[in-house]
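[1] sequence and predicted structure below; questions after.
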Amino acid sequence: MSRILLADDSPHAQRMGERILLEEGYEVVTVTDGETALIRLADVDPDLVLADVFLPLKSGYEVCEHIKSHPRYRHARVVLLAGPLEAVDEQEFQRVGADGLLRKPFEASLMLQTLRPLIEAARQERDHLPVAVPESVPPAVAAAVEQAPAVARVDPERIRAAITLALDAALPVLAEQLSQRLSAAVAPALDAALPEMIEQLTERVLVALKE
């Protein structure tokens with residue numbers, strides 16, 4: 001299911017937009033200002049962002065510019081929103097790379113006609129995004145993840161299978177590395193404690209012999 005982030009400080013626009021999109025089967029998260037929209041990007045991870053041009057704190061232009069310049073959200077489409085009489089800066093619209101413009105109040109058929117192809121394009125791009133793998137991940141796991149980005153968001157069972165196989169392959173190496181590190185950490189402590197342990201053992205043996 002595609003997620004849509006709707007950023008608009010008008011309660012009426014939020015209700016109308018949310019109702020239209022929910023009825024179409026989309027998941028919708030609403031916020032009332034541009035700063036919150038940017039904060040919520042990470043957890044919402046939307047395919048589409050609807051942002052009012054004149055949002056408080058951060059304008060729709062600023063929200064769009066941030067999304068378009070961030071590699072993580074490069075698949076996401078951004079449609080700016082404006083009232084029927086509000087002027088839209090065409091030069092700024094082009095500069096930030098907005099994908100479309102919708103006028104309020106929303107008309108369901110026009111809204112969906114505008115958004116459907118954008119959402120579909122975003123979903124297709126998302127399926128082919130490379131997965132960033134941290135350097136700390138074992139090579140076998142990293143290779144499996146990098147080789148399966150296209151199915152990762154389509155078939156969860158394949159993800160689990162790929163991870164299981166990668167972990168099985170990496171486990172002997174991880175175990176060996178862990179053993180070496182534990183040995184390196186424990187050996188000095190044993191060396192330090194050994195004379196005292198021998199002395200205690202000797203005393204106990206002597207006591208036992210006397211008895």
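    Sure thing, it's come through. Residues are numbered from 1 along each chain as shown.

[2] got the domain ranges for the chain?
    Described in terms of automatic domain parsing, the domain architecture of the chain consists of the residue ranges 3-127, 149-210.

[3] tabulate those domains in TSV, adding columns for mean pLDDT and mean neighbour count.
    C-beta: built from backbone N, CA, C; applies to glycine. Compiled in TSV, the domains of the chain are given as follows (pLDDT from 0 to 100; neighbours: other Cβ atoms under 10 Å):
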stretch	mean pLDDT	mean neighbour count
domain 3-127	95	18
domain 149-210	67	11
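
[4] give me the most central residue, the chain.
    The geometric centre of the chain, computed from its C-alpha atoms, lies nearest to Ala42 (Cα atoms, centre = their mean), at 5.6 Å.

[5] you'd agree that residue is in a helix?
    Yes: Ala42 forms part of a helix when assessed by DSSP: H, G, I helix; E, B strand; the rest coil.

[6] who does the helix or strand hosting Leu101 touch, helix- and strand-wise?
    Secondary-structure element containing Leu101, defined by DSSP states H and E: strand 100-103. In terms of contacts (3 or more Cβ pairs under 8 Å, 6 or more residues apart in numbering; DSSP states H and E), strand 100-103 is packed against strand 77-82, helix 108-127.

[7] using JSON lines, lay out these together with distance to Ala37.
    Formatted as JSON lines, the helices and strands packed on strand 100-103 follow (distance: least, Cβ to Cβ, whole Å):
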{"stretch": "strand 77-82", "distance to Ala37": "10"}
{"stretch": "helix 108-127", "distance to Ala37": "17"}
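
[8] tell me which of the ones you listed lies nearest to Gly34.
    With respect to Gly34, and counting by Cβ to Cβ, the nearest of the helices and strands packed on strand 100-103 is strand 77-82 at 11.5 Å.

[9] so what touches that closest one?
    Applying Cβ atoms under 8 Å, 6 or more residues apart in numbering, the external contacts of strand 77-82 come out as 8, 13, 47-54, 60-61, 63-64, 67-68, 88, 93, 96-104, 114-115, 118-119, 121-122.

[10] could I get the full set of helices for the protein?
    With DSSP state H as the definition, the chain shows helices at residue ranges 11-23, 34-44, 60-69, 90-96, 108-127, 139-147, 149-152, 156-210.

[11] residues touching Ala42, list them.
    In this structure, Ala42 makes contact with no residue, judged by Cβ under 8 Å, 6+ apart.

[12] again with Val63
    Applying Cβ under 8 Å, 6+ apart to Val63 gives the contacts 7, 34, 37-38, 49, 51, 55, 78.

[13] distance-wise, check Asp9 relative to Asp33.
    Taking Cβ to Cβ, to the nearest Å as the criterion, Asp9 is separated from Asp33 by 6 Å.

[14] overlap in contacts, those two.
    Counting by Cβ under 8 Å, 6+ apart, the common neighbours of Asp9 and Asp33 are 55-56.
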